[in-house]
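>>> I would like the atomic coordinates for the input below:
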Amino acid sequence: MDLRGVLAAVAPAEAEWVGLRRELSRGREWRAKDGRFESARVFTDEGCMVEVLYKGQFGYAAAASSNTGILKETAERALALARSASERPIHRFRSDVRPPTVLKWETPRLRKDEPDSGEYSRFLVELSSSLRVSDKIVQAAAEAEFLDICTRMVSTAGADMEQTTHIVGYGAQAIARDGNVTQRRTLNGPRGRTTQGGLEVLDFDAVRAEAESAAEQALELLTAEECPSDRRTLVLAPDQMMLQIHESVGHPLELDRILGDERNYAGWSFVKLADIGTLRYGSDLMNILFDPAVKGELACCGADDIGNPARREYIIQNGILLRALGSLESQARSGKPGVANQRACGWFRAPIDRMANLNLEPGKDSLEEILGSVERGVWMESNRSWSIDDYRNKFQFGCEYGKLIENGRLTRTVRNPNYRGISSTFWRNLHKVGDASTFRVFGTLYCGKGEPNQVIRVGHASPVCAFRDIEVFGGEA
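Coordinates of the predicted model:
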């Protein structure tokens, strides 16, 4: 498709800048439950978004078409919205918030062949059957998904970006029950195993072994004691650190949220504009990076959806907040530094400030050294429940699996482990950060934000971490 030619044909003459973004998505997914095939789905989605800048205001309109006549009407709708917005501006933008970036980027893959539907269906049926390691496993499920997203954006300023993202996600869960006690174990929480890559990502033998181990742990939890309720050292596995980073760092630092754009829907933030550059967010061991190039991480890219080239940046360094997760638009409004994170969940949505790859940098301690430093603590892994207030400040999180740490050793298993805290206070209690050997990469396709809602992919990577003096408790959260 001659996208540049279409742009030239549809761009309104009155506009200061016009962008045309075309996206084609293709997905395949399979599900099995209790040793039986459950469902399969193949889908495609295609459409175009036209963005228009007029008198300092952006207008957006989309169409599920690449027809030039339809897109010309779409561009006129976008112009009308921009014209209306220009009468009541919050901020007047210049065209420099849409860089003329030219690039071609694609997810690196070792295996570029297509997945065989029969092979993956059979594997998931077998996997869900093998999870039934006992009559007390009352439900076992497995799923896999492949998603290819091809996006091209051109603009009247000369931008021409083509980005192709290849995503592989899979999961398995076993639910065990004995009397009135029910416990669940998954592979690193709900859909934590979602990454960029090719068919090499899903290693059947490794996944089978990990899933069967998870099922055994579900049984183990049935007879485990409840997590104690007191204050002690908390050691979190990387799969729970994913949720901790996401909720208590990622969302509070979205610059449009700090500016108030989300307050009527998803809330505000405890972080203020004046805090950027000065706030002691965590201990000296807290180093949070925006990193668009970690191998396999879910939100890797060459640039965001407005053409801002994606670069590795420290968000928090040695505990001090340096910059927010704010796009060129939010940076222009606030005067604060940000990153390349203006992204849309599809062709039918305008790009907004979103988390992408947000990671905690490894420290110096091995897992043995971290555990060995704890006299009285609890280990927790795999998120089970989460709750956080609309300022992304006070939170309560629950995990699937826990173990007591006594005199430097993991000892008894505990069920229903939960903890609570206040975001910056919690991070200031960070006192051990695992080394590179404890570092793991996870991701989710389902981060929601915006009106109308956008559900988008994000990645998080972290080592094992220990936090002092944290309130932990048992029971269903």
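>>> Shouldn't residue 92 be within a strand?
No. Residue 92 is assigned coil when assessed by DSSP: H, G, I helix; E, B strand; the rest coil, not a strand.
>>> from memory it sits against residue 56, does it?
Yes. With contact defined as CB atoms under 8 Å, residue 92 reaches residue 56; the gap is 2.9 Å. Where you see a C-beta, it was placed from the backbone N, CA and C, and this is true even at glycine.
>>> Tell me which of those two has more neighbours.
residue 56 (15 against 10; other CB atoms under 10 Å).
>>> looking at it, that one is touching residue 90, isn't it?
No. When contacts are counted by CB under 8 Å, residue 56 is not listed as touching residue 90 (10.0 Å).
>>> ok, which stretches of the stretch 201-350 of the chain are helices?
204-222, 238-245, 255-258, 328-334 (DSSP state H, counting those that start in this stretch).
>>> Is it possible to get TSV of those that adds mean pLDDT?
Converted to TSV, the helices of the stretch 201-350 of the chain look like this (pLDDT from 0 to 100):
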stretch	mean pLDDT
helix 204-222	96
helix 238-245	98
helix 255-258	96
helix 328-334	98
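>>> mind checking which of the ones you listed is nearest residue 401?
Ranking these by their distance to residue 401 (criterion: CB to CB) puts helix 204-222 first, at 5.8 Å.
>>> export that closest one as CSV, just CAs?
This file holds the C-alpha atoms of helix 204-222, laid out as CSV (Å, rounded to 0.1, in the frame of the first residue of the first chain):
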residue,chain,number,x,y,z
PHE,A,204,7.3,-27.8,25.4
ASP,A,205,9.5,-29.9,27.7
ALA,A,206,10.4,-27.0,30.0
VAL,A,207,6.9,-25.8,30.2
ARG,A,208,5.6,-29.2,31.0
ALA,A,209,8.0,-29.7,33.9
GLU,A,210,7.3,-26.2,35.3
ALA,A,211,3.5,-26.7,35.1
GLU,A,212,3.6,-30.1,36.9
SER,A,213,5.7,-28.5,39.6
ALA,A,214,3.1,-25.8,40.0
ALA,A,215,0.4,-28.4,40.3
GLU,A,216,2.4,-30.1,43.1
GLN,A,217,2.6,-26.8,44.9
ALA,A,218,-1.1,-26.3,44.6
LEU,A,219,-1.5,-29.5,46.5
GLU,A,220,1.1,-28.5,49.0
LEU,A,221,-0.8,-25.3,49.8
LEU,A,222,-3.9,-27.3,50.8
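>>> Off-centre distance for it?
25 Å (CA atoms, centre = their mean, to the nearest Å).
>>> who does that helix touch, helix- and strand-wise?
helix 117-130, strand 137-155, strand 160-178, strand 181-186, strand 394-406, strand 409-415 (3 or more CB pairs under 8 Å, 6 or more residues apart in numbering; DSSP states H and E).
>>> what's the spacing between the helix or strand following the shortest one and its chain's center?
Using DSSP states H and E, the next helix or strand after strand 181-186 towards the C-terminus is strand 194-196. Here strand 194-196 shows a centroid-to-chain-centroid distance of 10 Å under the convention CA atoms, centre = their mean.
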